[in-house]
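*Asks:* Could you work out the structure for the sequence below:
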Amino acid sequence: MLARTDVPGDLDRLIHQLAHADDSTGSVIPADAWRDDEALYLQFDLPGMDRSTIELTTQQHTLMLSAERPSPIPADARPVLTERPSGRFTRRLTLSDVLDTAATEAAYDNGVLTLRIPLAAHAKPRKIAISGVVPKQLTS
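*Replies:* Okay, here's the model as predicted:
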């Protein structure tokens, strides 16, 4: 069998489980986000999830991510320790309209889903050429 001695840890886990017991959207997927002059990058932690269970959609300005990790414990077994969450996980993010969501790229490696969403052409920084001729409206 398995002996446990961290009673405060068990109590913390129980409180966490009870607080999220009625969460109909599932557990939240942790994420990091950053951008450069070309794109927005998002990374989501999805450890132990099969690529086939990951669903990623965009609609208008909303990104919806869901994935599922089944419980490894057989239905007829008696759990002794269950610390790793299982079930449906979701994340919904509102995206800016300066992103070109149609050109989104996604890769899944070692339990991390990485998205690259390019900036729309109108949102990218661009240089403006300066000529030596003053436009007519500015000289009047």
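*Asks:* mind checking how far the closest residue to residue 96 other than its chain neighbours is from residue 94?
*Replies:* Closest residue to residue 96 apart from its sequence neighbours, by C-beta to C-beta, 6 or more residues apart in numbering: residue 61 at 7.1 Å. All C-beta spots, glycine's among them, are computed from the backbone N, C-alpha and C. Distance of residue 61 to residue 94, computed by C-beta to C-beta, to the nearest Å: 6 Å.
*Asks:* Could you grab the helix/strand/coil label for the residue most central in space within the chain?
*Replies:* By C-alpha atoms, centre = their mean, the chain has its centre lying nearest to residue 44, at 4.1 Å. Following DSSP: H, G, I helix; E, B strand; the rest coil, residue 44 is assigned to strand.
*Asks:* Can you name the residues that contact it?
*Replies:* Residue 44 sits next to 29, 30, 31, 65, 91, 112, 113, 115 when contact means C-beta atoms under 8 Å, 6 or more residues apart in numbering.
*Asks:* Only whichever of those residues are buried, select them in PyMOL.
*Replies:* The PyMOL command for the buried members of the contacts of residue 44 (criterion: 16 or more other C-beta atoms under 10 Å) is given here:
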select buried, resi 29+65+91+113+115
